[in-house]
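Student: Build the 3D model from these lines:
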Amino acid sequence: MQPMRRRLFSLALAGLLTASCSAPEEPVAATFPPPDPLEATTTTAGPELATTTVPATPTVPATPTVPDTSAVEPTTAATSVPGVPEPGSASTVSSSTTLATTTTLPALRSLAYVEVAEVEFPVDLTAVPGSGLLVIASKEGRLWTYSDDGLSTEPFLDISHRVRNRGEQGLLGIAFAPDYTDSGRMFVHYSDLEGRTVLAEYVAEAGAVRADTEAVLMRINQPAANHNGGTIAFGPDGYLYLGMGDGGGANDQFGHGQDDRTPLAALLRFDVSVPGVLTPAPGNPFPEPSAWAIGLRNPWRFTIDHQSGLVVIADVGQNNFEEVSVAPIDTPGLNYGWPITEGLHCFRPASGCDATGLTLPVLEVEHGDAGTCSITGGVVYRGTEIPELYGHYLFSDYCGGYLRSFPLDSPTDPPTDWTDQVGNAGQVVAFGTDVAGEVYVMNAAGSVLRLVAERG
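Tutor: Residues are numbered from 1 along each chain as shown. As a prediction, this is how the structure comes out:
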């Protein structure tokens, strides 16, 4: 497999993406809009910065240093990363490009992408606990395993007959139970044939999962076809988290954003310790018993970094701004602001909004910045092959196709743009990591790309 540093993915669909602002709400499955279709809405000139009398974000604990391994040895002082070309001008180079070079590896010349697999519209990737396998989820409703020998010829799980694969709907997220090696339990988030959000449990046996082991744990009615959220993930507390959008449409038209009595527009938290049973996790603070945080528009992708105890939510914006929020996962009752704010700016009202008590994002990306239209988060790098990126949160955009990062222990640093090195990855829809913490990027064209270091 050859590195794809110079491979520029075709953006022939750029006109279609631009047109998606006025596209039908439910396009056919062959044309997938960004995780938010960027609804055509009336914008106000120059939205004002939100004002607040409390800190915009909680204190972020320092990220632990790179662990010792046979190939990674700590040094006594931070030095400039040798041989890294100046990142592109799309983003200001942050202080994160001066890192503790705790490595005896050859000098880093560049980052690059290597294509490792092709899957029909991949939307999630994670390691199978207790094995060397990866599972790659396809939006159509199938899971495939991947190893050094390549992609499996038969699906690990096939529920395509239960999944509505249309527009933003489909199979959207997967998570393995913390006790998977003993129980074989795994969880899937998908849109059913009626467009409802489903959280279901399955049991693996003999290296595969039968569809008839399904236990539907929850169904949530969706008033529109968009803003379905996506990620499901276990936190350090052992509870299962699910990010839900505001019900779709535009302008929070169903009024869910600041409604603490609905599971929509919320980060949900569940106890799934009993097989086949889902209950709200103890300590959930809102009248909606499953809600842990509210005020989200469409958290298509979030990640929980177990090492730092932080949740990083990439929330898709509407008129002008995409946003990334960082907060301790063990802090209940946070309100991420939608529709009072979009990014760091007022949305409703367009001026004079009071953001007191809201958890504002650490980063906003304006629409039009290198083609930005719909943010795609993102994972925290915890691998050993690229220690120069250790502790960085990496993210992209469905229209922009770039690769950017910022250090999680200093999240307000301007992000570094690596696109000049890795190339534009096209319509990026998801990230994932393997058991070693190495990073993979997936695009709508079907490419599963591994992020690698070119050295020497």
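Student: quick one: low-confidence parts of this structure?
Tutor: In the predicted model of the chain, residues 1-47, 51-103 satisfy pLDDT under 70.
Student: at 50 what do you get?
Tutor: The chain contains residues with pLDDT under 50 at 1-33, 37-46, 52-101.
Student: all strands of the stretch 301-450 of the chain, in order?
Tutor: Counting by DSSP state E, counting those that start in this stretch, the stretch 301-450 of the chain has strands at residues 301-305, 310-315, 321-328, 334-335, 341-342, 345-346, 363-366, 375-380, 392-397, 404-407, 416-417, 428-433, 439-443, 447-455.
Student: Make JSON lines out of those strands and add distance to E140.
Tutor: All C-beta atoms are positioned from the backbone trio N, CA, C, and that covers glycine. As requested, the strands of the stretch 301-450 of the chain are exported to JSON lines (distance: least, CB to CB, whole Å):
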{"stretch": "strand 301-305", "distance to E140": "19"}
{"stretch": "strand 310-315", "distance to E140": "23"}
{"stretch": "strand 321-328", "distance to E140": "26"}
{"stretch": "strand 334-335", "distance to E140": "34"}
{"stretch": "strand 341-342", "distance to E140": "32"}
{"stretch": "strand 345-346", "distance to E140": "37"}
{"stretch": "strand 363-366", "distance to E140": "29"}
{"stretch": "strand 375-380", "distance to E140": "19"}
{"stretch": "strand 392-397", "distance to E140": "22"}
{"stretch": "strand 404-407", "distance to E140": "29"}
{"stretch": "strand 416-417", "distance to E140": "32"}
{"stretch": "strand 428-433", "distance to E140": "13"}
{"stretch": "strand 439-443", "distance to E140": "14"}
{"stretch": "strand 447-455", "distance to E140": "15"}
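Student: Can you add distance to T126 and mean neighbour count and give the ones you listed back as JSON lines?
Tutor: What follows is these, written out as JSON lines (distance: least, CB to CB, whole Å; neighbours: other CB atoms under 10 Å):
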{"stretch": "strand 301-305", "distance to T126": "11", "mean neighbour count": "23"}
{"stretch": "strand 310-315", "distance to T126": "16", "mean neighbour count": "27"}
{"stretch": "strand 321-328", "distance to T126": "21", "mean neighbour count": "23"}
{"stretch": "strand 334-335", "distance to T126": "25", "mean neighbour count": "22"}
{"stretch": "strand 341-342", "distance to T126": "30", "mean neighbour count": "26"}
{"stretch": "strand 345-346", "distance to T126": "34", "mean neighbour count": "24"}
{"stretch": "strand 363-366", "distance to T126": "24", "mean neighbour count": "20"}
{"stretch": "strand 375-380", "distance to T126": "10", "mean neighbour count": "26"}
{"stretch": "strand 392-397", "distance to T126": "16", "mean neighbour count": "26"}
{"stretch": "strand 404-407", "distance to T126": "20", "mean neighbour count": "26"}
{"stretch": "strand 416-417", "distance to T126": "26", "mean neighbour count": "22"}
{"stretch": "strand 428-433", "distance to T126": "6", "mean neighbour count": "26"}
{"stretch": "strand 439-443", "distance to T126": "10", "mean neighbour count": "25"}
{"stretch": "strand 447-455", "distance to T126": "12", "mean neighbour count": "21"}
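Student: For R166, find the nearest of the ones you listed.
Tutor: Closest approach to R166 among the strands of the stretch 301-450 of the chain (CB to CB): strand 428-433, 15.3 Å.
Student: Which neighbours in the sheet does that closest one have, and how are they oriented?
Tutor: Strand pairing for strand 428-433, using DSSP bridges, gives strand 439-443 (antiparallel).
Student: For the partner strand, list the C-alpha coordinates in CSV.
Tutor: Extracted in CSV, the C-alpha atoms of strand 439-443 (Å, rounded to 0.1, in the frame of the first residue of the first chain):
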residue,chain,number,x,y,z
VAL,A,439,-5.8,7.3,14.0
TYR,A,440,-8.0,6.5,11.0
VAL,A,441,-10.0,9.0,8.8
MET,A,442,-13.0,8.0,6.7
ASN,A,443,-14.7,9.7,3.8
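Student: Now do that strand against strand 447-455: the angle between them, please.
Tutor: For strand 439-443 against strand 447-455, the angle by axes from the mean of the first three to the mean of the last three CA atoms, to 10 degrees is 140 degrees.
Student: Off-centre distance for strand 439-443?
Tutor: Chain-centre distance of strand 439-443: 11 Å, with CA atoms, centre = their mean, to the nearest Å.
Student: State the phi and psi torsions of the closest residue in space to D158 that isn't next to it in sequence.
Tutor: Nearest residue to D158, sequence neighbours excluded (CB to CB, 6 or more residues apart in numbering): R142, at 5.0 Å. Dihedral pair for R142: phi -120, psi 150, per degrees, to the nearest 10.
Student: so how far is L389 from R142?
Tutor: To L389, R142 is 31 Å away according to CB to CB, to the nearest Å.
Student: Ok, R261 next?
Tutor: Distance of R261 to L389, given as CB to CB: 41 Å.
Student: Of those two, which one has the most company?
Tutor: Each of R261 and L389 has its neighbours counted (other CB atoms under 10 Å); L389 has more, 25 against 11.
Student: neighbours of the residue nearest to that one when sequence neighbours are not counted, just the number please.
Tutor: In space, L389 comes closest to Y381 once its chain neighbours are excluded; the distance is 4.4 Å by CB to CB, 6+ apart. Neighbourhood size, Y381 [other CB under 10 Å]: 24.
Student: now E205
Tutor: So E205, with other CB under 10 Å, has 9 neighbours.
Student: That one touches R185, doesn't it?
Tutor: No. The pair E205 / R185 is not scored as a contact, 11.1 Å apart, by CB atoms under 8 Å.
Student: okay, which residue is most central for the chain?
Tutor: R301 (2.6 Å; CA atoms, centre = their mean).
Student: partner residues bridging the nearest residue to that one once chain neighbours are set aside?
Tutor: Sequence neighbours aside, G377 is the residue nearest to R301 in space, at 4.0 Å (criterion: CB to CB, 6+ apart). Per DSSP bridges, residues listed as beta-bridge partners of G377: F395.
Student: and the gap between G377 and V316?
Tutor: Distance from G377 to V316, by CB to CB: 10 Å.
Student: any common contacting residues for those two?
Tutor: Taking CB atoms under 8 Å, 6 or more residues apart in numbering as the criterion, G377 and V316 both touch W300.
Student: what are the bridge partners for the residue nearest to the centre of the chain, then?
Tutor: Beta-bridge partners of R301, as defined by DSSP bridges: A314.
Student: which residues sit in contact with it?
Tutor: Contacts of R301 by CB under 8 Å, 6+ apart are P35, G230, T231, A314, T376, G377, G378, A430, F431.
Student: how about 6 Å then?
Tutor: By CB atoms under 6 Å, 6 or more residues apart in numbering, the contact set of R301 is G230, T231, A314, G377.
Student: Now do the contacts for the residue nearest to R301.
Tutor: For G377, the contacting residues are R301, A314, F395, by CB under 6 Å, 6+ apart.
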